[in-house]
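> please find the sequence and the predicted model below.
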Amino acid sequence: MQIPLKHYGALLTDYLKPQQQQAIWLALTLLSSIGLQVLNPQLLGYFIDTAVNGGSTQTLWIVASGFIGIAILTQVLAVSATYFGETIAWAATNALRVDLAEHCLRLDLSFHKSRTPGELLERVDGDVTLLSRFFSQMVIHVLGNGILLAGILLVLFVENAIAGLSLTAFSLVAMTLLLGMRSFAVAPWTHYRQKSAEFFGFVGEQLSGREDICANGAVGYVMRRFHELLQHWLPLYQRARFASTVLWTTSVGLFTIGNAVALAVAAYLWNQQAITIGTAYLIFHYTNLLAQPIERIREELEEFQQVEASIYRIQELRSVQPTLKANGDQPLPTGALSITFEQVCFTYEPSHQQAVQLDTNWTLHNISFHLPAGQVLGLLGRTGSGKTTIGRLLLRLYDYQSGAIGLGDVPIQATPLSQLRQRVGLVTQDVQLFNTSIRHNLTFFNPTISDDQILQVLQQLELMEWLRSLPQGLDTQLGSDSSGLSAGQAQLLAFARIFLKNPGLVILDEASSRLDPLTERLIEQAIDRLLTGRTGIIIAHRLATVQRADQLLILDQGKIIEYGDRRTLADNPDSHFAQLLQQGTADWLA
Ligand SMILES: Nc1ncnc2c1ncn2[C@@H]1O[C@H](COP(=O)(O)OP(=O)(O)OP(=O)(O)O)[C@@H](O)[C@H]1O
């Protein structure tokens, strides 16, 4: 896996451009500290020669103080560089996190269904965290240490040409060898991070389902899977670390050779009386100093292998594009919206579409009906017959493969997605509440909705008494798992959301669970109000709700087995609906 250099460049310019000033400060502090590191040993060499030649104590004091002063300044500059580096890293990686999160939110439901929330967390946060060093220091460290390396070699040449030449040759060999091994550990680190994403996905999934897991005695199974994942994770980590260790061992071996070369050259030149003892010390000192940039570049490259794996995975995520067809800009009419389905066929696995020539494999097959504006359609059918899928197609959570769907005579693809989702309201059985105040749970953070509007809606839903019983009213915080709310109250809050949104079409997946009579009455009233002046589709589980419908559509295995006016069907003793009425329940399986 080799990522073209231009991709790194693009990433750097995209995310570092807004922080040009900080980046300049980072470069300045880093380069100054490098300059001082090259300069300071010269004072030491001078100190030794002055001491050996019997120089004055005052001179020695001045040189020693200068040496200490520069050492302190180098440290101050290093601290400043770290500060600027961290600031840049956080700002850049946060911007990337935001971009990736937005990108994921734009992707279809099919993308999210195929990935666990934990896996996405690892993609959006784990991989990006690894990139922080790339943004803050990597490029500048590789560049800066390259300059330090060149500076040291230059000084060595100035001290003595033979020393400069032999240590330059050594540096070239060391760098070539280490750079050649650059990609050595990329693949093991990619596998390791893939497994870690899987592990976090698994943990996230199990944590969110902990009640069901405990209630159904599945803890043993979960723990076994947990250990299985860990068992696969460890060898991958060992392999990745081993690859990195090979690099480390190579560089340690190289520096031992480097030190031997420096000592041999210094001893030879000293014997030849070509250099002073101070210069001999400097050759040895600079060779040691040489280890720092080479070692640092090696470290950066080693870390870069992990970064490369992260960049690769981020690119992969960014390359996933929504499969929904493009939107048009045709507005939907105001008020209640009529619905037209014309021979709609849909499957959740479009890649199998060609293979699905047989009608039986469509999730929805040849669905056609027309519901005039302001009317209500009751949807009935066995579990898995495709009722929920009809709602999903209307909201364009998925696109159908053939046929046509129109709302208010506008094809749904011809209108902007944001407008479509504003004009169609969906209440599912599974009400998703967020870990924030009741106000935000109702308005979805829309600041244009006033408290008065919210209170009016809660009053209509007869929820004021409940609201008054809460210690902080609309500011009361809800738990993400609906803690403190009954199923009926959660449903009523979901209705309140729809009232505030005021759509022209309401799709209601009615709760099939039994509610207490008081809550049931409240919900019945709420549904009545919700449907007034709006078109409605109700996936009905109660006869009371079905009686509201103007039209009925009964599905079986994705096909319409009965469709028509409710009263006409009720009067026809041969109809499926009449049989349901006879059974006294709308629940198909009852
Ligand atoms: N995201 C999905 N990916 C793949 N298949 C799916 C998906 N959602 C539903 N299905 C399948 O599509 C078919 C229709 O599902 P749908 O949820 O529309 O049925 P339903 O009539 O609403 O059932 P229920 O009454 O149980 O809610 C089922 O066979 C189901 O397994």
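Looks like it arrived, so ask away.
> just give me the neighbour total for the closest residue to residue 385 other than its chain neighbours.
Closest residue to residue 385 apart from its sequence neighbours, by Cβ to Cβ, 6 or more residues apart in numbering: residue 555 at 4.1 Å. Just so you know, the C-beta spots here come from the backbone N, C-alpha and C atoms, and that holds for glycine as well. Residue 555: 25 surrounding residues under other Cβ atoms under 10 Å.
> does residue 555 belong to a helix, a strand or coil?
For residue 555, the assignment made with DSSP: H, G, I helix; E, B strand; the rest coil gives strand.
> so it bridges to which residues?
Beta-bridge partners recorded for residue 555 (DSSP bridges): residue 381, residue 560.
> could you check how far it is from the ligand?
Per Cβ to the nearest ligand atom, to the nearest Å, residue 555 is found 7 Å from the ligand.
> equivalent analysis for residue 207, please.
Residue 207 sits 22 Å away from the ligand, going by Cβ to the nearest ligand atom.
> cool, residue 510 as well?
Counting by Cβ to the nearest ligand atom, the separation of residue 510 from the ligand is 10 Å.
> what's the spacing between the nearest residue to that residue once chain neighbours are set aside and the ligand?
Nearest in space to residue 510, with sequence neighbours left out and distances taken as Cβ to Cβ, 6+ apart, is residue 541 at 5.1 Å. From residue 541 over to the ligand the distance is 9 Å, taken as Cβ to the nearest ligand atom.
> can you tell me the helix or strand for residue 541?
Taking DSSP states H and E as the definition, one finds residue 541 inside no helix or strand.
> test my guess that the residue nearest to residue 385 contacts residue 378.
No. If you go by Cβ atoms under 8 Å, residue 555 and residue 378 don't touch, sitting 11.4 Å apart.
> and the chain, what are its domains?
5-319, 339-583 (automatic domain parsing).
> tell me the mean pLDDT over the first one?
Put plainly, it is domain 5-319. In this model, domain 5-319 has a mean pLDDT of 84.
> burial check on the residue in the stretch 1-150 of the chain that the ligand sits nearest to, number of neighbours?
Closest residue of the stretch 1-150 of the chain to the ligand, Cβ to the nearest ligand atom: residue 113 (4.7 Å). By other Cβ under 10 Å, 10 other residues sit near residue 113.
> is residue 419 in a helix, a strand, or coil?
helix.
> residue 330 versus that one, what's the distance?
9 Å (Cβ to Cβ, to the nearest Å).
> more neighbours: which of those two?
residue 419 (15 against 12).
> surely the more buried one touches residue 332?
Yes. Using Cβ under 8 Å, residue 419 is in contact with residue 332, at 6.1 Å.
> quick one: the residue nearest to residue 510 from residue 580, how far?
11 Å.
> repeat that for residue 205.
Residue 205 is 37 Å from residue 580, where distance means Cβ to Cβ.
> and what of residue 573?
Residue 573 is 12 Å from residue 580, by Cβ to Cβ.
> now do the helices in the stretch 201-350 of the chain.
Taking DSSP state H, counting those that start in this stretch, the helices of the stretch 201-350 of the chain run over residues 210-215, 219-271, 277-319.
> and those helices, which is most packed in?
Counting by mean count of other Cβ atoms under 10 Å, helix 277-319 has the highest mean neighbour count of the helices of the stretch 201-350 of the chain, with a mean of 20.
> so which elements touch that one?
helix 5-16, helix 20-52, helix 57-106, helix 127-133, helix 139-159, helix 161-180, helix 186-208, helix 219-271 (3 or more Cβ pairs under 8 Å, 6 or more residues apart in numbering; DSSP states H and E).
> using the three-state scheme, assign residue 485.
Per three-state DSSP, the secondary structure class of residue 485 is coil.
> neighbours of the closest residue in space to residue 47 that isn't next to it in sequence, how many?
Spatial nearest neighbour of residue 47, chain neighbours left out: residue 63 (4.7 Å); criterion: Cβ to Cβ, 6+ apart. With neighbours defined by other Cβ under 10 Å, the count for residue 63 comes to 19.
> I'd say residue 63 and residue 46 touch.
Yes. The criterion here is Cβ under 8 Å, and residue 63 meets it with residue 46 at 5.9 Å.
> so for stretch 63-81, what gets flagged as buried?
63, 67, 70, 74, 77-78, 80-81 (16 or more other Cβ atoms under 10 Å).
> distance to residue 265 for these - can I get that in a markdown table?
Shown next, in a markdown table, are those (distance: Cβ to Cβ, whole Å):
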| residue | distance to residue 265 |
| --- | --- |
| 63 | 26 |
| 67 | 25 |
| 70 | 27 |
| 74 | 27 |
| 77 | 31 |
| 78 | 30 |
| 80 | 36 |
| 81 | 33 |
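> closest to residue 8 out of these?
Relative to residue 8, the closest of those is residue 81; by Cβ to Cβ it sits at 21.0 Å.
> residues touching the closest one, list them.
26, 29-30, 33 (Cβ atoms under 8 Å, 6 or more residues apart in numbering).
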